[in-house]
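all I have is the shape, not the residue letters:
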């Protein structure tokens with residue numbers, strides 16, 4: 001029997017109830033966990049069993065995330081992500097390796113390291129071919145690559161003026177801008193699909209999406225590209241992506257591109273199962289990589305159509321190689337993917353275990369906050385990943401985007417809470433769960449995240465801050 005130590009860190013749900021987040025370390029010889037790799041800068045991880053298991057877990061989190069600012073309830077992992085110290089050390093060693101001997105690095109370590117990162121990602125997302133995966137800076141870059149080929153379709157006469165690009169109303173702002181910059185400027189028409197929020201079920205999304213797509217198709221030419229979110233950013237909802245892609249195929253959409261910025265490390269993503277033409281996700285949000293690194297998946301048959309917008313000497317050698325050399329720059333974050341893979345292996349269940357526990361914890365914390373404020377979650381648990389939308393009391397009087405930004409700023413500066421605030425337009429009362437007990441839609445929602453460094457005190461701090469602001473806005477008579 002292996003000498004395996006499992007540490008439980010409790011995440012309170014109600015008063016006195018708990019879930020767990022576990023770490024594993026396996027080694028029959030000395031009680032240590034040895035990741036067993038030759039990745040520069042990644043030291044052997046020592047995880048020896050202690051008398052108090054909870055203390056050992058807390059010690060690991062302090063070591064790996066001790067660079068986080070003290071006293072801040074950081075419940076906004078979804079925006080910038082996080083990176084443990086061991087992975088940052090690996091990144092720093094890669095950067096030093098380049099500076100020590102650039103020629104040797106360029107002609108030796110660089111492409112070998114990037115190839116290893118691509119292969120690991122390919123395995124994680126179950127791509128059919130390794131060359132279907134390219135490393136890019138972020139999802140914004142991936143969007144530019146895909147939309148560039150749409151623009152070429154118009155300028156080269158393959159598409160007709162008035163052919164359409166479909167996107168969601170909840171699409172990320174930079175994606176909307178990219179569609180304007182590349183597709184609309186080249187002659188495309190935009191079909192914008194409005195989805196409900198709050199939302200009660202995936203069926204509600206599917207019905208709305210199919211209807212909007214059919215209406216848009218009737219009013220335009222051919223739909224050349226559909227840009228869909230796997231997890232919308234704001235408000236945050238996990239969309240039934242496979243069902244939406246199937247509808248696109250049934251309705252004759254040429255290509256489907258999935259913006260999965262929040263997906264890897266947050267959802268189980270399988271390229272052969274999802275069956276999109278293009279898919280992209282950031283590894284610096286939920287997969288513990290340093291900023292910035294993302295992957296772009298392209299179906300093998302479509303690879304000849306894609307090129308990196310930064311043209312280098314690798315142009316024409318395939319997107320993976322074009323993306324692997326866009327000039328002299330720092331590639332250390334992309335080279336650090338193996339270190340992040342080793343980091344997640346320390347935890348019970350690996351990335352799958354982390355993902356499940358983050359989901360369960362954010363739902364419990366969201367329900368605790370909603371109960372405290374007499375509000376609700378903006379989506380049912382099955383449509384949440386490691387982020388949840390929690391209704392805020394209407395007495396806060398959030399009636400514009402500016403009000404939402406002002407509240408976020410006050411929470412950060414006065415209360416030490418970092419959390420995004422979403423202003424919901426059209427605050428008329430609406431059915432939430434399409435039952436005989438409809439719920440009101442609130443004028444504002446907070447998007448809370450949960451990552452392994454979070455504790456219940458982070459969410460209590462947020463709860464208490466909102467309670468104080470509610471009293472300030474509506475003092476007792």
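Great, that's in hand. Note that this is a predicted model, so its numbers are computed, not measured.

what number of residues lie near the nearest residue to residue 261 once chain neighbours are set aside?
Spatial nearest neighbour of residue 261, chain neighbours left out: residue 139 (4.4 Å); criterion: C-beta to C-beta, 6 or more residues apart in numbering. Yep, even glycine has a C-beta here, placed from its N, CA and C like the rest. Applying other C-beta atoms under 10 Å, we find 24 residues neighbouring residue 139.

assess the claim that residue 139 and residue 280 are in contact.
Yes: with contact defined as C-beta atoms under 8 Å, residue 139 counts as touching residue 280 (5.0 Å).

need the overlap of contacts for these two.
Taking C-beta atoms under 8 Å, 6 or more residues apart in numbering as the contact rule, residue 139 and residue 280 both touch 259-261, 294.

between those, which sits nearest residue 170?
Residue 170 lies nearest to residue 259 out of the shared contacts of residue 139 and residue 280, by C-beta to C-beta, at 10.4 Å.

in the sheet, who's paired with the closest residue to residue 220 other than its chain neighbours?
Distances taken as C-beta to C-beta, 6+ apart put residue 164 closest to residue 220, at 4.2 Å, once the chain neighbours are dropped. Beta-bridge partners for residue 164, by DSSP bridges, are residue 189, residue 223.

what of residue 133?
residue 297.

you'd agree it is up against residue 123?
No: at 9.6 Å, residue 133 and residue 123 do not qualify as touching, with contact defined as C-beta under 8 Å.

higher neighbour count, those two?
residue 133 (25 against 12).

so what's that one up against?
Counting by C-beta under 8 Å, 6+ apart, residue 133 has contacts 118, 121-122, 125, 127, 295-297, 320.

dump these into CSV; add neighbour count and secondary structure as well.
What follows is these, written out as CSV (neighbours: other C-beta atoms under 10 Å; DSSP: H, G, I helix; E, B strand; the rest coil):
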residue, neighbour count, secondary structure
118, 23, helix
121, 24, helix
122, 19, helix
125, 23, helix
127, 23, coil
295, 29, strand
296, 25, strand
297, 26, strand
320, 21, helix
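
between all of the residues you listed, which two are separated the most?
Using C-beta to C-beta for every pair in the contacts of residue 133, the one that comes out farthest apart is 125 and 320, at 14.3 Å.

distance between the host helix or strand of residue 284 and the chain's centre?
Under the criterion of DSSP states H and E, residue 284 resides in helix 283-286. Computed by C-alpha atoms, centre = their mean, to the nearest Å, the chain-centroid distance of helix 283-286 equals 6 Å.

please apply the same query to stretch 103-117.
For stretch 103-117, the distance to the chain centre is 27 Å (C-alpha atoms, centre = their mean).

try stretch 453-471
24 Å.

now swap in stretch 56-72 and tell me
22 Å.

in what helix or strand does residue 412 lie?
helix 401-415.

quick one: average confidence on that helix?
What helix 401-415 shows for mean pLDDT is 97.

give me the residues contacting it.
Against helix 401-415 from outside (C-beta under 8 Å, 6+ apart): 73, 396-398, 417-423, 444, 461-462, 465, 468-469.

which residues of this structure score low on pLDDT?
1-55, 426-440, 477 (pLDDT under 70).

strands along that one, start to end?
4-12, 18-26, 73-74, 133-136, 164-168, 189-193, 223-229, 255-259, 278-282, 294-298, 387-391, 417-418, 421-423, 444-449 (DSSP state E).

could you dump the ones you listed into TSV and include distance to residue 358?
As requested, the strands of the chain are exported to TSV (distance: least, C-beta to C-beta, whole Å):
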stretch	distance to residue 358
strand 4-12	10
strand 18-26	8
strand 73-74	14
strand 133-136	24
strand 164-168	24
strand 189-193	28
strand 223-229	19
strand 255-259	20
strand 278-282	16
strand 294-298	20
strand 387-391	9
strand 417-418	17
strand 421-423	20
strand 444-449	8
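
now for these, which one comes closest to residue 94?
strand 133-136 (13.4 Å).

list the buried residues in that closest one.
Within strand 133-136, the residues scored as buried using 16 or more other C-beta atoms under 10 Å are 133-136.

what does stretch 233-250 give?
Quick answer for stretch 233-250 (16+ other C-beta under 10 Å): 233-241, 244-245, 247-248.

quick check: end-to-end length of that stretch?
Distance between the two ends of stretch 233-250: 27 Å, counting by C-alpha to C-alpha, to the nearest Å.

can you tell me the closest non-neighbouring residue to residue 213?
residue 251 (5.6 Å).

and for the one you found, the neighbour number?
15.

tell me how far it lies from residue 222.
11 Å (C-beta to C-beta, to the nearest Å).

also residue 276?
If you go by C-beta to C-beta, the gap between residue 276 and residue 222 works out to 19 Å.

before we move on, what about residue 124?
34 Å.

of those two, which one has the most company?
residue 124 (21 against 13).

what's the burial count for residue 467?
Burial measure for residue 467: 13 neighbouring residues, criterion other C-beta under 10 Å.

next up, the contacts around it.
Contacts of residue 467 (C-beta under 8 Å, 6+ apart): 372-373.
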